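**Student:** This is a predicted model, with the sequence first.
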Amino acid sequence: MQQAMRIADYTAFMYLGTLIETNKTAELFQKPQHELTGNYVQGNFG
């Protein structure tokens, strides 16, 4: 995730083969629009 934040302009989050969210990288990591994305980037996943 650190590498994505450093080099990507846009990032997508997929779960079980389904595209959950795509956005500008900074926005996806700082203000995710979907609960699954938020849980993943906060490390509360699994």
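**Tutor:** Everything's here; your move. Numbers count the residues shown, from 1 in each chain.
**Student:** Which residue ranges of the protein form helices?
**Tutor:** Here the chain has its helices, by DSSP state H, at 2-7, 25-30, 35-41.
**Student:** Can you check which of these gets nearest to residue 17?
**Tutor:** Proximity to residue 17, assessed across the helices of the chain by CB to CB, is greatest for helix 35-41 (13.2 Å). Placement of C-beta: from N, CA and C, glycine included.
**Student:** Mind exporting the C-alpha coordinates of that closest one to PDB?
**Tutor:** Taking Å, rounded to 0.1, in the frame of the first residue of the first chain, the C-alpha atoms of helix 35-41 are listed here in PDB:
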ATOM      1  CA  GLU A  35     -16.800   0.500   4.100                       C
ATOM      2  CA  LEU A  36     -14.800  -2.500   2.700                       C
ATOM      3  CA  THR A  37     -12.100  -0.100   1.300                       C
ATOM      4  CA  GLY A  38     -11.900   1.800   4.600                       C
ATOM      5  CA  ASN A  39     -11.500  -1.400   6.600                       C
ATOM      6  CA  TYR A  40      -8.700  -2.600   4.300                       C
ATOM      7  CA  VAL A  41      -6.700   0.600   4.300                       C
END
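**Student:** For the helix or strand of the chain with the lowest mean pLDDT, C-alpha coordinates in CSV please.
**Tutor:** In the chain, the helix or strand scored least confidently by mean pLDDT, DSSP states H and E is helix 2-7, which has a mean of 89. Taking C-alpha atoms only, helix 2-7 is exported to CSV below (Å, rounded to 0.1, in the frame of the first residue of the first chain):
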residue,chain,number,x,y,z
GLN,A,2,2.9,2.4,0.7
GLN,A,3,4.2,1.9,-2.8
ALA,A,4,0.7,2.6,-4.3
MET,A,5,0.4,5.8,-2.3
ARG,A,6,3.9,6.9,-3.4
ILE,A,7,3.7,6.2,-7.2
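**Student:** Now tell me what touches it from outside.
**Tutor:** Residues outside helix 2-7 that contact it (CB atoms under 8 Å, 6 or more residues apart in numbering) are 11, 25, 26, 29.
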